[in-house]
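[1] Just need the structure, nothing else, for what follows:
(4 chains)
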Protein chains: 2
Amino acid sequence: MARTAGSHSGITGPKVRQAALELFAKHGYAAVSMRQIASEVGVQAGALYNYTPDKQSLLFDLMQAHMTELMAALPDGNTDQPLQMLEHFVRFHIAFHHDRPEAVFIAYMELRNLNEQNFAVIEEMRGAYEDKLQGILIAGQASGVWGVKDAKIATFAVIAMLTGVNTWFRSAGRLSLAEVQDQYWEMVRKAVGAD
Amino acid sequence: MARTAGSHSGITGPKVRQAALELFAKHGYAAVSMRQIASEVGVQAGALYNYTPDKQSLLFDLMQAHMTELMAALPDGNTDQPLQMLEHFVRFHIAFHHDRPEAVFIAYMELRNLNEQNFAVIEEMRGAYEDKLQGILIAGQASGVWGVKDAKIATFAVIAMLTGVNTWFRSAGRLSLAEVQDQYWEMVRKAVGAD
DNA sequence: GTCTATATTCTGATAGAC
DNA sequence: GTCTATCAGAATATAGAC
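    Numbering: from 1, shown residues only, chains lettered A, B, ... in the order given. Sure, this is the predicted structure:
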């Protein structure tokens, strides 16, 4: 029997989120209409409002889910081994971001389209993630594994460098992700002055 | 005498570009209306079309002007001195981008809002800029000043790292721009393996 | 849970008066 | 060069039928 209107399939919710993720990443939040999302899902625009109170919540939920996943996926590690922890962070960040390019893109590009209150939530989560790296850099500095002048600056520099991979790396290219991870790890290791 | 309608002030053109620059950077191209730009300038929406054929051209002109300025401001340098050239590139990139945060923001965030033909133009200019850095990295590698495994990857890594400064640095903060330049130069120098 | 229909507002762009 | 007025369509969100 063909799928009919009001079929109660039970998977429309995830499909709405997936369609919003792809469309926001491709065209930008402001450029995407609820009608476009509905069309991608295969329903009329009005039906979307069974799954989100408004467009803003749709964006916020995507970004919050991404940041929550990011924090959950990053293990704590052993603070007695800063070099190992830093290497793990570098490889983790590259792999995690490579696996979900749309969510990463949205998380970086659509911050200004969050309302004030939603922005504060996401910014705090981002800060918590940065603090993880900063903690590693401070631990390594304290135990003399490397020497960075300013852990805060090094944190920003490393994260920007690693996140940049997403702008150019393609699986079909001349390098494997593992090779990219190796080379970025070598650059980070040298940059912080570890031998 | 008060400023009247049709005052032929002769400065409306630049004001349109400046208003578009600020509004696009703050809210995003798609989220800004021609009426908003007109309001910022102090004219009615229809008057804008004396200065731009359409909204897309306004975006393109801003991005193209920015990239042209960027290429013009980056001097060629002496290829016999790769270390000096790299240091100069690092300091230049940070300073130039710091001086025009709105244009930089637009150049990175609004690429997807360019039409196909305009996108190709901007992408080529961006490629030419990246080639400047890549040329420096290859020159230093050839003369044994440093050792980078892959000049292309190192180019992406360095540019991403340097551009990231704009996301956090504020003149009123605890560090001067010169200090930031010093620390980024140290990290880049170490990352490429120069001693 | 999804539909159709609609309220209300806004959009980019143009025409013609001054 | 700027204005007012307007076109034709698209936007978010809601109401009520099924």
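[2] For burial, what's the neighbour tally of A:Gly173?
    Each residue near A:Gly173 was counted by other CB atoms under 10 Å in any protein chain shown, and the total is 10. The C-beta positions use only the backbone N, C-alpha and C, and glycine is treated the same way.
[3] what are the ranges of the helices in chain A?
    For chain A, the helices defined by DSSP state H occupy A:12-27, A:34-41, A:55-73, A:82-99, A:101-109, A:116-142, A:151-163, A:165-168, A:177-191.
[4] Most tightly packed of the ones you listed?
    Highest mean neighbour count among the helices of chain A (mean count of other CB atoms under 10 Å in any protein chain shown): helix A:151-163, with a mean of 22.
[5] What lies in contact with that helix?
    With contact meaning CB atoms under 8 Å, 6 or more residues apart in numbering or on different chains, helix A:151-163 is reached by A:90, A:93-94, A:97, A:104, A:108, A:130, A:133-134, A:137-138, A:141, A:148, A:184, A:187-188, A:191-192, B:157-158, B:160-161, B:163-165, B:167-168, B:175, B:180, B:183-184, B:187.
[6] And stretch A:38-49, by the same measure?
    Stretch A:38-49 has contacts (CB under 8 Å, 6+ apart) with A:12, A:15-16, A:19, A:22-23, A:34-35, A:37.
[7] how far away is A:Gly46 from A:Met34?
    A:Gly46 sits 9 Å away from A:Met34, going by CB to CB, to the nearest Å.
[8] What pLDDT does the model give A:Ala142?
    Reading off the confidence values, A:Ala142 has pLDDT 95.
[9] Next, the contact list for it, please.
    Per CB under 8 Å, 6+ apart, neighbours of A:Ala142: none.
[10] measure it to DNA strand D for me?
    49 Å (CB to the nearest atom of the strand, to the nearest Å).
[11] hang on, the earlier thing: show me which of the contacts of stretch A:38-49 is closest to chain B.
    A:Leu23 (11.7 Å; CB to the nearest CB).
[12] Name the nearest residue to the closest one, sequence neighbours excluded.
    What sits nearest to A:Leu23 in space, not counting adjacent residues and going by CB to CB, 6 or more residues apart in numbering or on different chains, is A:Val32, at 4.5 Å.
[13] and if you look at A:Glu123?
    Of all residues not flanking A:Glu123 in the chain, A:Leu111 sits nearest, at 7.7 Å (CB to CB, 6+ apart).
[14] and that neighbour, how far is that from A:Thr68?
    Counting by CB to CB, the gap from A:Leu111 to A:Thr68 is 16 Å.
[15] got any ranges where chain A has weak pLDDT?
    Within chain A, the ranges that satisfy pLDDT under 70 run A:1-9.
[16] So which residues on it come close to DNA strand D?
    By CB under 7 Å from any atom of the strand, the part of chain A that sits against DNA strand D consists of A:6, A:32-36, A:45-46, A:49, A:53-56.
[17] Make TSV from those and add distance to A:Gln64 to it.
    Listed next are these as TSV, based on distance: CB to CB, whole Å:
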residue	distance to A:Gln64
A:Gly6	30
A:Val32	19
A:Ser33	22
A:Met34	20
A:Arg35	25
A:Gln36	22
A:Ala45	24
A:Gly46	25
A:Tyr49	20
A:Pro53	15
A:Asp54	15
A:Lys55	15
A:Gln56	12
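[18] sorry, back to before: among the contacts of stretch A:38-49, which one sits closest to B:Asn115?
    Distance to B:Asn115 across the contacts of stretch A:38-49 (CB to CB) is lowest for A:Leu23, with 18.3 Å.
[19] Contacts only, for the residue nearest to A:Leu23.
    A:Val32 sits next to A:20, A:23-24 when contact means CB under 8 Å, 6+ apart.
[20] Tell me the residues of chain A that contact chain B?
    For chain A, the residues in contact with chain B (CB under 8 Å from any CB of the partner chain) are A:26-31, A:109, A:112-113, A:149-150, A:153-154, A:156-161, A:163-165, A:167-168, A:175, A:180, A:183-184, A:186-188, A:190-193.
[21] same thing but at 6 Å, please
    A:28, A:30-31, A:109, A:149, A:153, A:156-157, A:160-161, A:164, A:168, A:183, A:187, A:190-191, A:193 (CB under 6 Å from any CB of the partner chain).
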